[in-house]
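> got a sequence here, can you model it:
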Amino acid sequence: MTMSASCPRCGERLDPALPVGDCPHHGTQPPLWRPEVPSYDAFTAHLRLADDFPTYLPWPLAAGWRVSDFGVVTGASDRAAATVTCCTGATEPDGRVDLLIVAEEAGVGLGARCAGLPSADPGLGFGQGPPAVRIRIGSQGIPLWPVSVSTSAGELDRSVVAGEAGGRWLWIVLLPASAVLLMRDELILRDVSGDGPHLVAMPIEGPGPVW
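Residues are numbered from 1 along each chain as shown. Below is the predicted model of the structure:
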């Protein structure tokens, strides 16, 4: 099981021996640790690195869906500053669907990267008007607002919503964009950071999407 270190803003490889790395595009950055091959052992290592920082998954995981990618950003103090998970499945109208969930401290930029944005935050105009959707984490309802991806360098192939949960940014990215209809019904997320044995039966298999 191998975890690679990269810049959370762009994916540039970083020296895994250093607590922070020097990205040629974004300067000094804490490393994002991702598995070379997603597996149960790699996810266990992810949870150890994340410690008590939340790692969110849809719960329960729908039949035919799997965890296809995940990562954790750790700073100089080895404390986690962000996590990302990706679940992959299929729907009748969309074919393959990828659902990315990012929890992060302000300024990390991992959520914006998954959204395809050049900035580290949702951008101007975010949060105006009523929320687009609501999700649930435990007993708490979380409002999420749409994030414009019109400044994305790539195709407008995704839908993005974001908000705040537990004092941190929470991003949800859906590919393709039409898969946002999956959120018509209230999505339930679970922080699996302390679940341990419950994860044994959870399907974990790549590949995930490119991000």
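
> starting from the lengthiest strand in the chain, tell me which strands it pairs with and how they run.
Taking DSSP state E as the assignment, the strand of the chain that covers the most residues is strand 80-91. Strand pairing for strand 80-91, using DSSP bridges, gives strand 66-74 (antiparallel), strand 95-104 (antiparallel).

> nearest to residue 54, of the ones you listed?
Among the strands paired with strand 80-91, strand 95-104 comes nearest to residue 54, with 5.1 Å by C-beta to C-beta. Where C-beta positions appear, they are placed from N, C-alpha and C, glycine not excepted.

> pull the distance from the closest one to the chain's centre.
6 Å (C-alpha atoms, centre = their mean, to the nearest Å).

> right, and the helix or strand after it?
helix 110-115 (DSSP states H and E).

> hmm, back to that, how about the longest strand of the chain: buried residues?
Across strand 80-91, burial judged by 16 or more other C-beta atoms under 10 Å covers 80, 81, 82, 83, 84, 85, 86, 87, 88, 89.

> chain center to that strand, what's the gap?
Computed by C-alpha atoms, centre = their mean, the chain-centroid distance of strand 80-91 equals 5 Å.

> before we move on, the earlier item: please identify the most buried of the strands paired with strand 80-91.
When you average the neighbours per residue for each of the strands paired with strand 80-91 (mean count of other C-beta atoms under 10 Å), strand 66-74 leads with a mean of 23.

> restricting to C-alpha, output that strand in PDB.
C-alpha atoms of strand 66-74 as PDB (Å, rounded to 0.1, in the frame of the first residue of the first chain):
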ATOM      1  CA  ARG A  66     -18.100   1.900  -4.500                       C
ATOM      2  CA  VAL A  67     -15.500   4.200  -2.900                       C
ATOM      3  CA  SER A  68     -13.200   4.900  -5.800                       C
ATOM      4  CA  ASP A  69     -10.800   7.500  -4.400                       C
ATOM      5  CA  PHE A  70      -9.900   9.400  -1.200                       C
ATOM      6  CA  GLY A  71      -7.200  11.700   0.200                       C
ATOM      7  CA  VAL A  72      -6.200  13.700   3.200                       C
ATOM      8  CA  VAL A  73      -4.200  17.000   3.500                       C
ATOM      9  CA  THR A  74      -1.900  17.200   6.500                       C
END
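
> where does the protein dip in pLDDT?
1, 76, 151-156, 197-198, 200 (pLDDT under 70).
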